[in-house]
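Colleague: Okay, sequence plus prediction incoming.
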Amino acid sequence: AQSVAQPEDQVNVAEGNPLTVKCTYSVSGNPYLFWYVQYPNRGLQFLLKYITGDNLVKGSYGFEAEFNKSQTSFHLKKPSALVSDSALYFCAVRDNTNAGKSTFGDGTTLTVKP
Amino acid sequence: NAGVTQTPKFQVLKTGQSMTLQCAQDMNHNSMYWYRQDPGMGLRLIYYSASEGTTDKGEVPNGYNVSRLNKREFSLRLESAAPSQTSVYFCASSESDRVAYGYTFGSGTRLTVV
């Protein structure tokens, strides 16, 4: 069975500093990985995905993620954090063998302080 | 605006009451999903529909039923609500059950069972 782990419940950074939100995964075949963001009282919004190709993928709002197959990781990054980036972030892996179901991590709350 | 629409946004039920959560998408997506979100537990899949005319159980289907009414609509029914079903429910859709596609989420239904 596939699984996703987000080892940090909370990440705090100062505005202007780089941020990293960590994600590790476990799948039996090729990994298909996604990041979503959830703002308060809203649904999740798609940020970026890794399907194949370059290990560094770029997404919305200046975010990027680095796929590392040997470490089974897919960390979300941004070079310079904004206060408006404060939200709940979810990593997800999609199953290529069973109707494309996604398994989500428990989420990481990112707080960017001015 | 194109997207996924969920109704109602909020609902309070008494134990034993029934209700149906509605979900509709206008993006001509084939696959639709129902998740519940509980604090510290991420999103858990309740039911999904890979395509019109098919539905399957997810991780936590007990106490729920679904109907894929047509390609646009996917409803979730609670036949006899229990306090353990207090949660935020999200409907999501995807162009396909192929793993290359991300999900589009609705804004959620916050359900309280007393």
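Modeller: Right, received. Where do you want to start? Residues are numbered from 1 along each chain as shown, chains lettered A, B, ... in the order given.
Colleague: Provide the contact partners of the helix-or-strand element of chain A with minimal mean pLDDT at residue level.
Modeller: When the helices and strands of chain A are scored by mean pLDDT, DSSP states H and E, strand A:102-104 comes last with a mean of 90. With contacts defined as CB atoms under 8 Å, 6 or more residues apart in numbering or on different chains, strand A:102-104 is touched by A:2-4, A:34, A:36, A:90-95, B:33, B:35, B:42-43, B:45, B:103. Just so you know, the C-beta spots here come from the backbone N, C-alpha and C atoms, and that holds for glycine as well.
Colleague: Please repeat the previous calculation with a cut-off of 6 Å.
Modeller: Strand A:102-104 is contacted from outside by A:2, A:4, A:90, A:92, A:93, A:94, B:42, B:43, using CB atoms under 6 Å, 6 or more residues apart in numbering or on different chains.
Colleague: contacting residues around the fifth one?
Modeller: For residue A:93, the contacting residues are A:2, A:4, A:25, A:27, A:33, A:103, taking CB under 6 Å, 6+ apart as the criterion.
Colleague: for it, which residues make a bridge with it?
Modeller: Counting by DSSP bridges, residue A:93 forms beta bridges with residue A:33, residue A:103.
Colleague: What is the burial count for the nearest residue to residue A:84 once chain neighbours are set aside?
Modeller: Nearest residue to residue A:84, sequence neighbours excluded (CB to CB, 6 or more residues apart in numbering or on different chains): residue A:112, at 7.8 Å. When neighbours are defined as other CB atoms under 10 Å in any protein chain shown, residue A:112 has 20 of them.
Colleague: part of a helix, is residue A:112?
Modeller: No. The assignment for residue A:112, made by DSSP: H, G, I helix; E, B strand; the rest coil, is strand rather than a helix.
Colleague: How much space separates it from residue A:10?
Modeller: Distance of residue A:112 to residue A:10, given as CB to CB, to the nearest Å: 12 Å.
Colleague: and chain B, which of its residues are near chain A?
Modeller: B:42-43, B:45, B:50, B:90, B:97, B:99-100, B:102, B:105-108 (CB under 6 Å from any CB of the partner chain).
Colleague: filter those to the buried ones?
Modeller: B:42, B:43, B:45, B:50, B:90, B:97, B:99, B:102, B:105, B:106, B:107, B:108 (16 or more other CB atoms under 10 Å in any protein chain shown).
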